[in-house]
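Novice: Sequence and predicted structure, then a few things I'm wondering about:
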Amino acid sequence: MAAPTRDVLYYDESQRTPLTPYLPSQILSSSSSKPHVTLTFATSLDSSIALAPGTQTHLSGPSSKAMTHFLRSCHSAILIGVGTALADNPSLNCRLSGVGGYGGSGLDNQPRPIILDPSARWGDLEGRKVIQLAREGKGKAPIIFFRRDVWEERMGDEEFRERMKVLEECGGGYYLVAPAKGEKFAWVDILGGLKEVGIRSVMIEGGGAVINELLGPENFPLVDSVIITIAPTWLGRGGVLVSPEERRTNGVQVPVGRLTDVKWVPLGEDVVCCGRPNLNG
Ligand SMILES: NC(=O)C1=CN([C@@H]2O[C@H](COP(=O)(O)OP(=O)(O)OC[C@H]3O[C@@H](n4cnc5c(N)ncnc54)[C@H](OP(=O)(O)O)[C@@H]3O)[C@@H](O)[C@H]2O)C=CC1
Ligand SMILES: Nc1nc(O)c(N)c(N[C@@H]2O[C@H](COP(=O)(O)O)[C@@H](O)[C@H]2O)n1
């Protein structure tokens, strides 16, 4: 068993209960075509998740940060877009006391990082925190979702093959998606791919592009739970906004989406909003 390290986080048992209804069930139906999807992020009062594109902004206070790590421990994967991977160089592990690498054994309750990187923009993997942590036994190595045609072309390049070797040597891997030319990956294909690689539940953390896609009418029904940390701050104009495409019914603008079964949980100076997509709203 590894000794606890300085960056270890604690999240009280009593604070876990209110979140339980929104978490993936331990007994997941194997017939489901997709994993349980929790959409979770931290926002300012003006719906901004970062001060500016390409930069990281710490919005969650200590209690809600620990809550996010509790959520990480409850999911088999964490998914982000390559914009977040490039901006934040995130760790994407769970640093909660008792989890594998932080007082627990092996990689128990560590989620698998998933990066959507269709055009292989993430670059050299040496120096990426997720890779370092996987080597140190403090997190799982990532699975990267590439476009099949990009991957096939890039495999002709020595530097890219080296990158794939680094990924595989630390326990990571890749998954290839083949959308129509110029199209993004369809979320049903992303979630189907996750299921194929053995992921039973995924928490989708961001960033802006990913969140706005999932809040759109086509994808919202794929989301099972939404858990949002709201920090008592305004970031101002020019930030990365959570604001999905507008929606019209018979030419009339209508709300894009709404939550149901809503619970507001105060955590330190933040408040956490939990809910499920209201598909009739
Ligand atoms: N406060 C919070 O909780 C969080 C804040 N953030 C912040 O968000 C910002 C990053 O957001 P953003 O720049 O919008 O980037 P994203 O992390 O949303 O990544 C966007 C990129 O991911 C790829 N991608 C997204 N959706 C798809 C899809 N359906 N199919 C294929 N590829 C897809 C695309 O890559 P390509 O362009 O190569 O096609 C796209 O440009 C950062 O500032 C970060 O700090 C991030 C997470 C949480
Ligand atoms: N919950 C939450 N609160 C914030 O204030 C944030 N900025 C984020 N960002 C997300 O967490 C990732 C960083 O995680 P590590 O601490 O490096 O493991 C970042 O990439 C975003 O996905 N989340």
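Specialist: Thanks, I have the structure now. Ligands and ions are numbered 1, 2, ... in the order given.
Novice: Could you use CA atoms for every contact and neighbour count after this?
Specialist: OK.
Novice: What segments of the stretch 101-250 of the chain are strands?
Specialist: Remark: strands of the stretch 101-250 of the chain, listed N- to C-terminal, are 112-116, 143-147, 173-177, 201-206, 225-230, 240-241, 247-249; assignment by DSSP state E, counting those that start in this stretch.
Novice: buried set for stretch 183-190?
Specialist: By neighbour count, with 16 or more other Cα atoms under 10 Å as the criterion, the buried positions of stretch 183-190 are Phe185, Ala186, Ile190.
Novice: What of stretch 66-76?
Specialist: Residues of stretch 66-76 classed as buried under the neighbour-count rule (16+ other Cα under 10 Å) are Ala66, Met67, Thr68, His69, Phe70, Leu71, Arg72, Ser73, Cys74, His75, Ser76.
Novice: At the contact with ligand 2, which residues of the protein appear?
Specialist: The chain has residues 41-42, 57-60, 65, 68, 84, 88, 90-93, 205-206 near ligand 2, with proximity defined as Cα under 6 Å from any ligand atom.
Novice: top of those by neighbour count?
Specialist: Counting neighbours by other Cα atoms under 10 Å, the top entry in the residues of the chain next to ligand 2 is Asn93, with 28 neighbours.
Novice: Quick check on the spatially closest residue to that residue that is not a sequence neighbour: phi, psi?
Specialist: Spatial nearest neighbour of Asn93, chain neighbours left out: Gly139 (5.1 Å); criterion: Cα to Cα, 6 or more residues apart in numbering. When read as degrees, to the nearest 10, the backbone of Gly139 gives phi 180, psi 160.
Novice: Show me what Phe146 is bridged to.
Specialist: Legend: beta-bridge partners of Phe146 under DSSP bridges are Leu176.
Novice: surely it meets Asp117?
Specialist: Yes: applying Cα atoms under 8 Å, one finds Phe146 in contact with Asp117, separated by 5.4 Å.
Novice: And the two? Which one has more around it.
Specialist: Each of Phe146 and Asp117 has its neighbours counted (other Cα under 10 Å); Phe146 has more, 22 against 18.
Novice: Tell me how far that one lies from ligand 1.
Specialist: 8 Å (Cα to the nearest ligand atom, to the nearest Å).
Novice: Now do the contacts for that residue.
Specialist: In this structure, Phe146 makes contact with Leu116, Asp117, Pro118, Ser119, Ala120, Tyr174, Tyr175, Leu176, Val177, judged by Cα atoms under 8 Å, 6 or more residues apart in numbering.
Novice: What of Thr84?
Specialist: For Thr84, the contacting residues are Gly54, Pro90, Gly206, Gly207, taking Cα under 8 Å, 6+ apart as the criterion.
Novice: which one of the residues you listed is nearest ligand 2?
Specialist: Using Cα to the nearest ligand atom, Pro90 comes nearest to ligand 2 of these, at 3.3 Å.
Novice: and the closest one, what does it touch?
Specialist: Each residue near Pro90 by Cα under 8 Å, 6+ apart is listed here: Thr84, Arg128, Lys129, Val130.
Novice: List just the nearest of the residues you listed to ligand 2.
Specialist: For those, the nearest to ligand 2 is Thr84 (5.5 Å; Cα to the nearest ligand atom).
Novice: before we move on, back to that, counting only helices, which of the residues of the chain next to ligand 2 make the cut?
Specialist: Cross-referencing these against helices under DSSP state H gives Lys65, Thr68, Thr84, Asp88.
Novice: Quick check: the last one touching Gln56?
Specialist: Yes: under the criterion of Cα under 8 Å, Asp88 makes contact with Gln56 at 5.5 Å.
Novice: Show the pLDDT at Ser30.
Specialist: pLDDT recorded at Ser30 is 63.
Novice: Apologies, that question was intended for Gln15.
Specialist: The pLDDT attached to Gln15 in the predicted structure is 89.
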